[in-house]
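Participant: Generate a structure from the sequence data that follows.
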Amino acid sequence: MKSFRVSIRIPALILASAVLYLLWLIGKYLTAPFKGVRRRWRKMMMSAWGRSVAAIIGMRIVTNGDPPRPPFFMVSNHLSYVDIVVYAARLGCVFISRGDVADWPGIGLLTRSVGTIFVNREKMQDIPRVIREINQALDEGMGVVLFPEGVSGAGDRVLPFHPSLLDPAAKANYPVSYASISYRTMRDEKPAYLAVNWWENVSFAEHARELLKLSSIEASITFGSHAIRSDDRKALAKSLWSAVSDQFTPMVDSALLDSKN
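Facilitator: From the prediction side, this is the model:
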C-alpha cells in the first residue's frame, strides 16, 4: 500500500505542478501591465499550488491565531521542505530560500518563476542583493517568509536565528511577524520528526520517498499575536527566536535524539 501511494502521488504532484505552472505563466504575461493584478494572480497561484500539493500528499493544515496581512515580513522555525507547501497554501507568499534549491530538478524552475529570493549564506557579499529583493517584494505588497535558523531541525527545539537577513527590517524598523510550525503523523506510522522533518543525513529523494508513503500528515501553524520591531538586527533576531520558541511545542525529546546518535 505504501509503495502504491508513492507511485500514485509522484505523477500527481508532477501533473498538478505542471498545470499550475502553465497557468501561472499565462497569467504572468496577461497581467504584466497591471502590477496589482499580477501580484494577486501570483498569490492565488502560490496558494493553489500549496493546497494542491497538500491534498495529494494527504496533508491537513490546522492554523491557530490570525495570519499577518500583506505586505508582511514573517519568520518561522524550519523543519522540512514541506514548510513551503504549508505556508504557500495559507499565505500565498514569497520565500527566502537557500541558493542550491534554485538548481533542484523541477522544483528549482518552479521556485525561480514565482519570485523566490535565493541566498548563498556562505557569501556575505550576497546579502545586499537579497536585502534589495526583500524590500522590492514588500514594496510590491507581498508577504515575505524567512526561515532564519538556516537549516531544518529535528523538532526538539528552535535553533538560533541568524540575524543577517533581518537587516532590512531592522534598518527600516519594520514590524516582523512570526509563526511556528509542527507536524504529526498517525500513531501506527513513522513519527513526524523522522518522516516529515528533514534533518538526518539522507538525500532529498530518499526522504521524499519515505514522506510520500505516509497515509496522512497534520501540519499545525501557530501565528504570533503581535509583530516585533527593533533597529538592531541581533536584538531583533533574539526577540523573534524567543517568541517562536515560547509558542513552539517540541515534537521529540532531545534526550531521545541523543540516544540515537
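Participant: can we go C-alpha only for contacts and neighbour counts from here?
Facilitator: Fine.
Participant: and stretch 71-80, how far apart are its ends?
Facilitator: By Cα to Cα, to the nearest Å, the extent of stretch 71-80 from end to end equals 25 Å.
Participant: Show me what that stretch is in contact with.
Facilitator: Here stretch 71-80 makes contact (Cα atoms under 8 Å, 6 or more residues apart in numbering) with 138-155, 158-159, 169, 175-182, 196-199, 240, 244.
Participant: what about the strands in this protein?
Facilitator: Under the criterion DSSP state E, the chain contains strands at 59-64, 72-76, 94-98, 117-119, 143-146, 176-185, 217-223.
Participant: from these, which stretch is densest packed?
Facilitator: Most buried of these by mean neighbour count (mean count of other Cα atoms under 10 Å) is strand 72-76; its value is a mean of 25.
Participant: Just the angle for it relative to strand 94-98, thanks.
Facilitator: For strand 72-76 against strand 94-98, the angle by axes from the mean of the first three to the mean of the last three Cα atoms, to 10 degrees is 40 degrees.
Participant: Next, report how far strand 72-76 is displaced from the centre of its chain.
Facilitator: Distance of strand 72-76 from the chain centroid (Cα atoms, centre = their mean, to the nearest Å) equals 10 Å.
Participant: okay, the angle between it and strand 176-185?
Facilitator: Angle, strand 72-76 to strand 176-185, by the same axes, to 10 degrees: 40 degrees.
Participant: quick one, what contacts Asn173?
Facilitator: Arg229, Ser230, Asp231.
Participant: From those, pick the one nearest Leu212.
Facilitator: When the contacts of Asn173 are ranked by distance to Leu212 (Cα to Cα), Arg229 comes first, at 39.3 Å.
Participant: Relative to Lys35, how far out is that closest one?
Facilitator: Arg229 is 29 Å from Lys35, where distance means Cα to Cα.
Participant: Tell me the buried residues in stretch 77-84?
Facilitator: Asn77, His78, Leu79, Ser80, Val82, Asp83, Ile84 (16 or more other Cα atoms under 10 Å).
Participant: and Leu13, what does it touch?
Facilitator: Applying Cα under 8 Å, 6+ apart to Leu13 gives the contacts Val53, Ile56.
Participant: Then Phe161?
Facilitator: By Cα under 8 Å, 6+ apart, the contact list for Phe161 reads Pro148, Glu149, Gly150, Ala237, Lys238, Trp241.
Participant: Have a look at Arg229 and Lys35 and say which one is more surrounded.
Facilitator: Neighbours were counted for Arg229 and for Lys35 using other Cα atoms under 10 Å; Arg229 has more, 19 against 13.
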